[in-house]
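A.B. asks: need coordinates for the below:
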Amino acid sequence: MERIPLPSHIHYELLLQLLERQTLAAAERNPLLRDQVQQMIVTLRKALAQQRQLETICEQGNLPYEYRWSLHSLNFEPTPLSDLAATPHKMN
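C.D. replies: Take a look at the predicted model:
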C-alpha cells in the first residue's frame, strides 16, 4: 500500500515561529493587521492539530504515512550502506 504523504511538522513550526516572533511584533501598532496575524496563528495551530488527528487515525487503521519535505518525491529504494561500501564509486 502506498504511504499517505503528510507535511512535516517542521513546516508548521517554522511558519508559527515566523508569525509569532517577527510578523506579530512588526504588526503590533496596527490592530487590524495584528488581528489578522493572530487569526493566521490560530488557523495554523488548528491545522497542525487536525494533522495529528489524521496521523492517529492512520495509526489506528494501520495505514502507512510519511512526512514530506517538498512536493517532489523520490520513488526509489535506498541502497543499504553495506552495499555502498562494497561498490567502488567514481568521482566526477
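A.B. asks: residue 66 versus residue 58, what's the distance?
C.D. replies: According to Cβ to Cβ, to the nearest Å, residue 58 and residue 66 sit 10 Å apart. (C-beta placed from N, C-alpha, C; glycine too.)
A.B. asks: shared neighbours of these two, anything?
C.D. replies: residue 4 (Cβ atoms under 8 Å, 6 or more residues apart in numbering).
A.B. asks: for the two, indicate the residue with more neighbours.
C.D. replies: residue 58 (15 against 11; other Cβ atoms under 10 Å).
A.B. asks: ok, that one touching residue 67?
C.D. replies: No - Residue 58 lies out of contact with residue 67 (Cβ atoms under 8 Å); the separation is 11.9 Å.
A.B. asks: pLDDT (mean, whole number) over stretch 14-27?
C.D. replies: Averaging pLDDT along stretch 14-27 yields 95.
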